[in-house]
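Participant: got a structure for you, letters missing:
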Ligand SMILES: C[S@@+](CC[C@H](N)C(=O)[O-])C[C@H]1O[C@@H](n2cnc3c(N)ncnc32)[C@H](O)[C@@H]1O
């Protein structure tokens with residue numbers, strides 16, 4: 001795939017993702033990896049962190065004694081990944097078109113990164129590439145937003161900081177079965193900074209920030225729009241997303257060769273409900289008899305005689 005087709009949409013969000021979402025993602029996914037994947041890997045296993053983003057999770061795995069390589073389509077996300085995990089190797093590439101030798105014990109892909117793959121055919125290409133780089137008995141762990149994940153919500157989260165604020169909202173088109181999420185970033189306009197003005201005796205912005213981030217963010221995220229400094233300018237970044245059903249993901253994994261697929265809900269329990277908005281998938285590349293026999297031609301002779 002040429003660099004024109006490489007997925008680069010995260011470039012403008014990279015600095016903010018590195019400061020905010022990446023830490024939440026790490027806190028969310030490390031416990032799930034510890035429950036669903038890591039106990040099944042050999043000591044010092046080799047892991048590919050596909051769509052690794054800013055590398056915080058990559059670094060945690062490295063600190064846990066694993067050998068980890070990260071791959072992502074965004075140069076800017078990888079810039080932070082190289083800072084956050086200086087001893088890891090990071091590769092600029094696309095999940096739909098990468099190739100490595102089959103040396104990995106596991107591939108992980110976290111924080112709904114695969115919801116950016118906008119067609120089932122392309123999702124199958126990703127699964128095929130993952131299958132090819134796994135050793136026999138290798139495992140593929142990923143999370144995904146399912147059918148009911150996306151809806152139409154103008155502001156469903158946000159943060160008010162000293163130097164910037166952001167909100168995230170989403171849309172969903174139920175006919176096309178595709179959605180978007182939009183990050184709006186507010187920052188002071190350089191020409192309107194009031195750094196030279198005398199500071200007020202009590203810090204009203206700090207009080208506003210604290211009330212919003214500790215309380216309103218969870219009950220009424222849209223209040224951020226009223227609290228953000230009116231002099232700040234805003235910019236928007238919109239990402240396309242596509243949810244998939246559990247059944248189509250399972251079928252696609254099996255079609256490319258994965259023989260065992262387990263699905264869990266966000267509590268890491270077996271996913272039974274059609275109402276689940278997210279799922280973790282753990283797919284196993286089980287020992288393939290044909291390729292085993294192909295690699296040991298002398299055994300084919302034995303079998304033929306039988
Ligand atoms: C939500 S972030 C997740 C980052 C990281 N896995 C984490 O848990 O923090 C999604 C990442 O997937 C990457 N990505 C999405 N589609 C991609 C593709 N087709 N090829 C390579 N990277 C892709 C984006 O560049 C971004 O860094």
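Facilitator: It's in. These numbers come from a predicted model, not from an experiment.

Participant: so, low pLDDT: which residues of this protein?
Facilitator: When residues are selected by pLDDT under 70, those of the chain lie in 1-4, 191-202, 272, 287-306.

Participant: which bits of it sit near the ligand?
Facilitator: Proximity of the chain to the ligand, by CB under 6 Å from any ligand atom, involves residues 7, 10, 22, 25, 29, 51-53, 57, 72-74, 77, 94-96, 110-111, 113, 116. C-betas here are computed from N, CA, C, even on glycine.

Participant: and the top helix by length along the chain, what's buried?
Facilitator: If you go by DSSP state H, the chain has its longest helix at helix 21-36. For helix 21-36, the buried set under the neighbour-count rule, 16 or more other CB atoms under 10 Å, comprises 21, 22, 25, 26, 29, 30, 32, 33, 36.

Participant: in a markdown table, list the residues you listed along with distance to residue 125.
Facilitator: Putting the buried residues of helix 21-36 into a markdown table (distance: CB to CB, whole Å) gives the following:
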| residue | distance to residue 125 |
| --- | --- |
| 21 | 26 |
| 22 | 26 |
| 25 | 24 |
| 26 | 28 |
| 29 | 24 |
| 30 | 28 |
| 32 | 25 |
| 33 | 24 |
| 36 | 24 |
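
Participant: any idea which of those is closest to the ligand?
Facilitator: Among the buried residues of helix 21-36, residue 25 lies closest to the ligand (CB to the nearest ligand atom), at 3.7 Å.

Participant: wait, that closest one sits on residue 53?
Facilitator: Yes. Taking CB atoms under 8 Å as the definition, residue 25 is a contact partner of residue 53 at 7.5 Å.

Participant: now the common contact residues for these two.
Facilitator: Shared contacts of residue 25 and residue 53, defined by CB atoms under 8 Å, 6 or more residues apart in numbering, comprise residue 111.

Participant: one step back: quick one: which of the buried residues of helix 21-36 is nearest to residue 260?
Facilitator: Residue 260 has its nearest neighbour among these in residue 36, at 13.2 Å by CB to CB.

Participant: please enumerate the strands of the protein.
Facilitator: For the chain, the strands defined by DSSP state E cover 46-50, 67-72, 89-92, 104-109, 134-145, 153-160, 165-173, 178-188, 232-241, 260-264, 278-284.

Participant: how close does whichever residue of the stretch 51-200 of the chain sits closest to the ligand sit to residue 153?
Facilitator: With distances taken as CB to the nearest ligand atom, the stretch 51-200 of the chain approaches the ligand most closely at residue 53, which sits 2.5 Å away. Residue 53 sits at a distance of 23 Å from residue 153 (criterion: CB to CB, to the nearest Å).

Participant: now swap in residue 110 and tell me
Facilitator: Summarising the geometry, the distance separating residue 110 from residue 153, computed by CB to CB, is 23 Å.

Participant: of these two, give the one with the bigger neighbour count.
Facilitator: Of the pair residue 110 and residue 153, residue 110 is the one with more neighbours under other CB atoms under 10 Å, namely 23 against 15.

Participant: go ahead and confirm the more buried one touches residue 25.
Facilitator: Yes. With contact defined as CB under 8 Å, residue 110 reaches residue 25; the gap is 6.3 Å.

Participant: surely residue 265 meets residue 276?
Facilitator: Yes. Judged on CB under 8 Å, residue 265 makes contact with residue 276 at a distance of 5.0 Å.

Participant: residue of the stretch 201-306 of the chain nearest the ligand, please.
Facilitator: residue 239 (8.6 Å).

Participant: which residues touch that residue?
Facilitator: Residue 239 makes contact with 9, 10, 116, 180, 181, 182, 183, according to CB under 8 Å, 6+ apart.

Participant: need the residues that contact stretch 20-31.
Facilitator: With contact meaning CB under 8 Å, 6+ apart, stretch 20-31 is reached by 53, 54, 56, 57, 60, 80, 110, 111, 143, 159, 166, 268.

Participant: now intersect the residues you listed with the helices, please.
Facilitator: Of the positions in the contacts of stretch 20-31, 56, 57, 60, 80 sit in helices, assigned by DSSP H.

Participant: just flag the most distant two among these.
Facilitator: In terms of CB to CB, the ones in helices among the contacts of stretch 20-31 reach their longest pairwise distance at 60 and 80, which sit 14.8 Å apart.
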